[in-house]
Structure formats: structure tokens, C-alpha cells
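A.B. asks: got a sequence here, can you build the structure:
(2 chains)
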2 protein chains.
Amino acid sequence: DSLGIGEEAALVDAETGEIMGIIEISEKYKIDRDFENSHVYRTTDPKHPGVAKVNEQAAVNIAGRVRALSEGVYPEKYKDLYLRPAESRAVFAEKGWSKVAAFQTRNPMHRSHEHLAKIAVEVTDGVFIHQVLGKLKEGDIPAEVRTEAIGAMIDNYFVKGTVIQAGYPIEMRYAGPREALIHALIRQNFGCSHLIVGRDHAGVGDYYGPFDAQHIFDELWPGALITQPLKIDITFFCTKCYGMATAKTCPHGKEHQINISGTKQREMLSKGEPIPPEFSRPEVVEILRKYYASLNK
Amino acid sequence: DSLGIGEEAALVDAETGEIMGIIEISEKYKIDRDFENSHVYRTTDPKHPGVAKVNEQAAVNIAGRVRALSEGVYPEKYKDLYLRPAESRAVFAEKGWSKVAAFQTRNPMHRSHEHLAKIAVEVTDGVFIHQVLGKLKEGDIPAEVRTEAIGAMIDNYFVKGTVIQAGYPIEMRYAGPREALIHALIRQNFGCSHLIVGRDHAGVGDYYGPFDAQHIFDELWPGALITQPLKIDITFFCTKCYGMATAKTCPHGKEHQINISGTKQREMLSKGEPIPPEFSRPEVVEILRKYYASLNK
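C.D. replies: Numbers count the residues shown, from 1 in each chain, chains lettered A, B, ... in the order given. Sure, this is the predicted structure:
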């Protein structure tokens, strides 16, 4: 609150103490938490992880032009994944890709994710597997293991040159539909024409309807976003379809789907139990199994 | 040649003798077979079935406004399939479909065709399975058996309301890329936003490159066609992918693909040999098997 309009302030990483940038303050206002929460998160429930973050913020918000001084640990720590927007656009131009679908993930990819990406490969020039770098939740697979697992899937199950693996620093806020919009806007900067938006994209709990994050794109005014959603329903292996399917193409019902929850996967992988090939690729399973075995030591 | 500009002539069905319509002659010219063949078929080889048809035509072509008097046998003979363009557009409007992909077929659908249609279902509001009615080639499955087989696939493997089965009278000319354009134009009249264009669409022999019928759409001037191609590569079951795939999504090579030629299928079905579920749906196989059994009697 001691800072005035027109003044400059250093932006410091609270964890490392590093000065990340300088903000030229052009606006200053008292935070209205209920207003912000109900508009961004569609709820004021303090149990919502995004609402909880807003509620922890200081009482005054500042806004203004930012000059970045540092990109933090990312360019060094994630050398093979880190791509700046100008760099990804250059890669797409070099490959002659004009229609590019971004796939946002913070997890290793099983067959359900592969199917999403492959539907996108069919209708675009290529897919940009764009991973969340940065803070992880307890129990999440670390970035280097995830990268290796995704790499094994790309090498063994995709046609060479149809997929690019990359990463960018962002924290999940679980704002569902609103977060889908910012995910699309970010991909617009990275040069992607499409963002894959699945069921309950960036959702948490029961705060959003399964297709809210798809519908919100239809409410935008024309030209609001260049990057468009590639809307796909939930994906799974169906034993009656005898192959991968989505809720839009499979009429058979849940009892025929092969699905394993995240918790169950971790348990099975830790115990060395076999993961069915309908759910995950053996090359991917092997990498995850090694990781969990290293934790048990 | 005895007809003059401004005169009217009756258009008679050579097979039935029925008067189909009246043409008001506004243009008359001597046919230049080589010119027409090389532009439409990209060849003057008389072994090409389309070229052969042109070569059988009379020496003079007439053009002009046509008034249709009859739709022939189609509305009666194919009651359940026959849909006029105004009718299909009304059906799409009623269902709220704005993005509709047409799938052109003159054969029963196996899993490779199902996969094409399902990719289309993912990215559109629905698929219009639009069958060729009319003259068949020796060995082709008759329309009523084909309809029943396609119906069995739709009923058992598609989500209700995502697919419409219909038919229209047309003869194949095997003009490859040029025929893809007229197929798209026809679907534009029927209210479809897209036409599925697979590998070697409407091709025959080695006259066209596998993607000529996809590339020709890129050579059109802007606005030439409203209906756009939904370009999909060849589809198949791959044992390494352990599911359906296309040449754009599967890196594994032909030795892992389960494919049965049309000739081989007929032989297996006639002899009652099992058709693998990777290739065709059992519900479809049963209908075809019954048909071939009835031929053997």
C-alpha cells in the first residue's frame, strides 16, 4: 500500500529471493475477494484451491507494465523442454505447420491422452505437447520422469515429426472455463491455432459442469481469440468398441471401459502389478515403474 | 446434330424409356475427347473407365437449362434412403447441426470406414453417410443389404443421433481429384460443411497420386466451395497400436496391419470363414454372410 502510481517496484521470487522483473505501477486497488472469486472461479467456497490462493493474497493489488529481468530456473533446469513463444513459432514455421493443436498436461500420458493427441494429429499439421513446469502437487511425477515417459510414447506410438514436446512455467489455478481461456490465450502467444479442451478442462471437484470449459469459447465475441478450442469428450478404451473411443463415439457405457484412477495406478505401479495394455503403453509403464521402485528404496 | 439452339429436347432414360426431363438447348459443340479426358481424367488411356465412357459418347454435346420431370425409380425403390437436398438441409437444421461431414460410400462399412466416420464425429456435429444409389458393378453388394449392414454398424457402434444414413443417385466416374470436387459440390447442395476425403478418393488404378484428391482443394480460389474437405489418410487396425489408426498416427508399418482385400472378403464370407473382429464388426459380418449364403443356393 506504500507504493504510489508511477513508481517502480521490484518483483521478487518469494522462494529464491531473485529479482524477476520490475513493475511500473499504473493502477492500484483494494482487492474485492468475493467479486474476484465469483467471477474467476464461479464460487467463493474457500475449499476451492484457486479461491484459497486469492484469499491468501495481500489486501492491495497493483498493475502496470512489467519488464522481465529473469526467466528463473526454467531455461537451465528444463533445457530440453523450455521453449519461448518466439522459438515455438519459429519451429512451427520451419516445419510448415499452420494448424497446430496444443495439448496441456502435467502428467505422463496414458492411452486416453494419446487418443486425444491422435484425434488432433488427424485434423491438424501437428500437436504441441505443452507441459506444465513449476510447482508440483504432492504425489505428482517429477518433470524429468514425465518427459521420459511422454518421450517413450512419442517414439513408439506416433509418426515421426507429428508431435513436439515442450514445457512452460505455469501454476494450475483450477478455474475450469476461465482457465481454459487463459490456456488458449497463452497458446496463441506460442503460435498454436488450437487448444485441445477435454472434459472438465482445468476443473476441480464439482465446481464446473463437464463441458463448461468448452462452452465458454462460444460466448466470446468474434475475434476475441485466434486460438480456437478443439473440443473432445472423455477418452477411454472400450472393450465392446475393441479400441479407444470417446463419449461422443462409444455407445456402450462405463461397464465396458478400462479405466484406472491415479491413486490406483500409483498403487499398482509401486507394487509392480501389471497395468493392462488397454490403459497404458508398456514402454511408458516401465519408466513409471522404475521411478516408483526408486521411491520405495 | 439435328437439334438447333433454342429448341427443346426430351431427355430419355435409355434403360426404361421414361422421359426424365426437358432441355432447352443454349449451346451445342463437337466433343473434343482428348481435351475433355486429359482435363477431367488427367489421362486419355482408353482403359480408364471414365475415359471409356467419354469415348462412347455421341459426337455432339448439347447444354442448356434442364427442367426435371421425374426422379426415376429412386424415391420409390429407396424409400428409406432417398433424401432430397432440401430435405437433408431441413434434417440438419432440426438437429441443430451446422458442421456436418458427408461420407461417400458404395460399399458396406468395415472398421476402417467406421474409423473415418468416427474421426469426423469427433470434430463435427454429425456425419451424413451418403450412399451411392444406382448402377452397381458386378460383385457389388446390393443397396438393401448394404443399408442393413451399415444400419447394424450404426446401431451397435455409434452414439444415437450422431450419424444419418441416406442415399442419392450417382454413377462413379473414377476421376479422382476432379470427382472429389464434384462430390464436395453435391454435398454443398445437401447442406454438408465437409466431405471426408480419404486416400485415393474416387481413384482407380494408378492414374492419381494417393493425395491428389486432397491437394486439389488447396488449388481452388477462395470462396470456390463452401464445403471443405476433411482430409484423412488410409485407416486400418494396427496390432502394435492395438487399435484403429491411420497412416498419419501409426508408425508401425504394414506388417502389423490387419487388412483383407475385397476379393478375399467375398471368398471368406462365401466359405463361411471367420472374419477377424479387428477388420469388421460381427453384426456386419453376419448380414454379409447371409447374403453370400443366399447367392450360393
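A.B. asks: count of residues packed around the residue of the stretch 151-297 of chain A found nearest chain B?
C.D. replies: Nearest residue of the stretch 151-297 of chain A to chain B: residue A:243, at 4.0 Å (CB to the nearest CB). All C-beta atoms are positioned from the backbone trio N, CA, C, and that covers glycine. The criterion is other CB atoms under 10 Å in any protein chain shown. On that basis, residue A:243 has 24 neighbouring residues.
A.B. asks: OK, contacts around it?
C.D. replies: Contacts of residue A:243 were listed using CB atoms under 8 Å, 6 or more residues apart in numbering or on different chains, and they are A:237, B:237, B:242-244.
A.B. asks: same check, this time on residue A:9
C.D. replies: For residue A:9, counting by CB under 8 Å, 6+ apart, the contacting residues are A:3, A:22-23, A:25, A:62.
A.B. asks: does it sit in a helix, a strand or a coil?
C.D. replies: When the structure is reduced to helix, strand and coil (DSSP: H, G, I helix; E, B strand; the rest coil), residue A:9 reads as strand.
A.B. asks: gap between it and residue B:276?
C.D. replies: Applying CB to CB, to the nearest Å, the value for residue A:9 to residue B:276 is 68 Å.
A.B. asks: same check on residue A:118?
C.D. replies: From residue A:118 across to residue B:276, the span is 22 Å (CB to CB).
A.B. asks: re the thing from before, run through the bridge partners of the residue of the stretch 151-297 of chain A closest to chain B.
C.D. replies: Judged by DSSP bridges, the bridge partners of residue A:243 are residue A:238.
A.B. asks: pLDDT score for it?
C.D. replies: Residue A:243 is assigned a predicted lDDT (pLDDT) of 97.
A.B. asks: which bits of the stretch 101-250 of chain A sit near chain B?
C.D. replies: If contact is defined as CB under 8 Å from any CB of the partner chain, the residues of the stretch 101-250 of chain A in contact with chain B are A:118-119, A:121-123, A:156-160, A:162, A:230, A:232, A:237, A:241-250.
A.B. asks: contacts for the worst-scoring helix or strand of chain A on mean pLDDT?
C.D. replies: Taking mean pLDDT, DSSP states H and E as the measure, chain A has helix A:262-271 as its least confident helix or strand, at a mean of 88. By CB under 8 Å, 6+ apart, the list of residues contacting helix A:262-271 from outside reads A:107, A:139, A:260, A:273-275, A:280, A:285, A:288-289, A:292, A:295-296.
A.B. asks: try it again at 6 Å.
C.D. replies: Outside helix A:262-271, the residues within contact range by CB atoms under 6 Å, 6 or more residues apart in numbering or on different chains are A:275, A:288-289, A:292.
A.B. asks: surely residue A:68 and residue A:19 touch.
C.D. replies: No - at 10.5 Å, residue A:68 and residue A:19 do not qualify as touching, with contact defined as CB atoms under 6 Å.
A.B. asks: I'd guess residue A:112 is in a helix, am I close?
C.D. replies: Yes - checked against three-state DSSP, residue A:112 lies within a helix.
A.B. asks: and it, what does it touch?
C.D. replies: Counting by CB under 6 Å, 6+ apart, the residues that residue A:112 touches are A:235-236.
A.B. asks: so which residues of chain A form helices?
C.D. replies: Assigned by DSSP state H, the helices in chain A fall at A:33-40, A:49-56, A:74-77, A:85-95, A:111-123, A:143-157, A:177-189, A:212-215, A:262-271, A:282-296.
A.B. asks: the second one vs helix A:33-40, what angle?
C.D. replies: In this case it means helix A:49-56. 150 degrees (axes from the mean of the first three to the mean of the last three CA atoms, to 10 degrees).
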